[in-house]
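Pasting the sequence and the predicted coordinates here, then a few questions.
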Amino acid sequence: MKSEQPVSATATIGILGAGRVGTAVARQALKAGYRVKLATSKPADEIELLVDIVVSGADAAEAAEAMSADLVVVAVPLHKYRTLHPAQLAGKTVIDVMNYWPAIDGQIDEFADDPRGSSEIIADFLADSLVVKSLNHIGYHELEEDGRPSGAADRRALALAGDHGGAKSVVAGFIDRLGYDTFDAGPLAAGRAFGPGTEIFNGRHSVAQMATLFAGASLAA
Ligand SMILES: NC(=O)c1ccc[n+]([C@@H]2O[C@H](COP(=O)([O-])OP(=O)(O)OC[C@H]3O[C@@H](n4cnc5c(N)ncnc54)[C@H](OP(=O)(O)O)[C@@H]3O)[C@@H](O)[C@H]2O)c1
């Protein structure tokens, strides 16, 4: 059964993927006071040194341990999504940060030939998870630089989309603690409006600017 439990400020965040995005999210989450379990497809002891150096304070974990966290961030290359474990992610709120970006990923027929956004395809695969698309339209190098306290005049907004309201609230709370406002774009399908190639993907925006851009996107749809 899918649950939508709130994630407290002291919760544990599991991150699948210790690459550019996974480690940046991990450092920002640690700063925000979360406990972080970081995993790759390799055994935990093989990434311990990397995690110690790159994300000091996070736990190098087995993927199963990371997936048992209160909130799980999936930051693996899109073409590897079938190596994820749907059964172990069942019932979890999952942030999908992945993009289908042919300029970077090359052509992936499954995504190129499907009119849906990549997160809708991921949500089909993780059928029993509460998938929320977010954190996909901020560069890994920006994530730690652009964060601001709540209420700051120049606070950047990040869009989120998902089909489960409770899960979106959980993710919005997490992103707020990372230093960003959030803009609820609507159901998971609305994530298409902030994928690669869109104006939202290509810039920094406040909540008000994002609202205007989304209004334009839905008029154009
Ligand atoms: N780069 C950016 O600024 C940016 C920003 C927003 C979103 N994104 C999206 O985020 C995703 C990740 O990008 P990235 O640049 O961080 O990739 P990356 O640097 O290549 O890192 C990918 C990580 O995923 C791990 N991995 C692969 N399969 C896994 C599995 N089944 N379970 C756990 N970990 C696994 C890899 O380690 P092993 O292979 O050793 O397992 C590696 O640590 C992409 O879809 C990208 O489009 C990127």
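Nice, thanks for sending it over. Residues are numbered from 1 along each chain as shown.

how many other residues sit next to whichever residue of the chain sits closest to the ligand?
Of all residues in the chain, the one sitting closest to the ligand is G19 (1.8 Å; CB to the nearest ligand atom). All C-beta atoms are positioned from the backbone trio N, CA, C, and that covers glycine. By other CB atoms under 10 Å, 12 other residues sit near G19.

Mind checking the pLDDT average for the host helix or strand of V73?
Element membership for V73 (DSSP states H and E) is strand 71-74. Averaged over strand 71-74, pLDDT sits at 98.

what do you get for stretch 156-176?
Stretch 156-176 shows a mean pLDDT of 97.

same deal with stretch 40-58?
Stretch 40-58 shows a mean pLDDT of 98.

near the ligand at all, it?
Yes - using CB under 6 Å from any ligand atom, stretch 40-58 comes into contact with the ligand via 40-42.

the strands in this structure, which residues?
With DSSP state E as the criterion, the chain has strands at 12-16, 35-39, 59-60, 71-74, 93-96, 130-133, 157-162, 181-186.

what helices or strands is the strand holding V73 leaning on?
On a contact count with 3 or more CB pairs under 8 Å, 6 or more residues apart in numbering; DSSP states H and E, strand 71-74 meets strand 12-16, strand 93-96, helix 165-178.

Contacts made by that strand with the rest, please.
Identification of contacts with strand 71-74 by CB atoms under 8 Å, 6 or more residues apart in numbering yields 7, 11, 13-17, 22, 25, 66, 81, 84, 89, 92-98, 122, 135, 170-171, 174.

Of all the residues in stretch 60-77, which ones are buried?
Buried residues in stretch 60-77, counted by 16 or more other CB atoms under 10 Å: 60-63, 65-76.

Where does the prediction get shaky in this protein?
Along the chain, the parts satisfying pLDDT under 70 run over 1-10, 218-221.

How about the residues of it by the ligand?
So far as CB under 6 Å from any ligand atom goes, the chain lies against the ligand at 16-22, 39-42, 63, 75-78, 80, 83-84, 97-99, 101, 136, 139-140.

switch to 5 Å and redo it
By CB under 5 Å from any ligand atom, the part of the chain that sits against the ligand consists of 16-21, 40-42, 75-76, 78, 80, 83, 97-99, 136, 139-140.

Could you pick out the buried ones from those?
Using 16+ other CB under 10 Å, the buried ones in the residues of the chain next to the ligand are 16-18, 21, 40, 75-76, 78, 97-99, 136, 140.

Among those, pick out the one closest to Q107, please.
The nearest member of those to Q107, counting by CB to CB, is L78 at 11.9 Å.

doesn't P102 make contact with that closest one?
No - with contact defined as CB atoms under 8 Å, L78 does not reach P102; the gap is 10.5 Å.

what touches both of these two?
I108.

Residues contacting stretch 45-63, please?
14, 16, 18, 23, 26-27, 30, 35-41, 43-44, 65, 85, 88.

so which of the strands of the chain gets nearest F201?
Among the strands of the chain, the nearest to F201 by CB to CB is strand 157-162 (9.3 Å).

Show me how far that closest one is from its chain's centre.
The chain centroid and the centroid of strand 157-162 are separated by 9 Å under CA atoms, centre = their mean, to the nearest Å.

And stretch 44-59, by the same measure?
20 Å.

just use 21 as the starting number from now, easier for me
Sure, I'll start numbering at 21, so the last one becomes stretch 64-79.

Which residues belonging to it are considered buried?
Residues 64, 67, 71, 74-75, 78-79 are the ones in stretch 64-79 that count as buried (16+ other CB under 10 Å).
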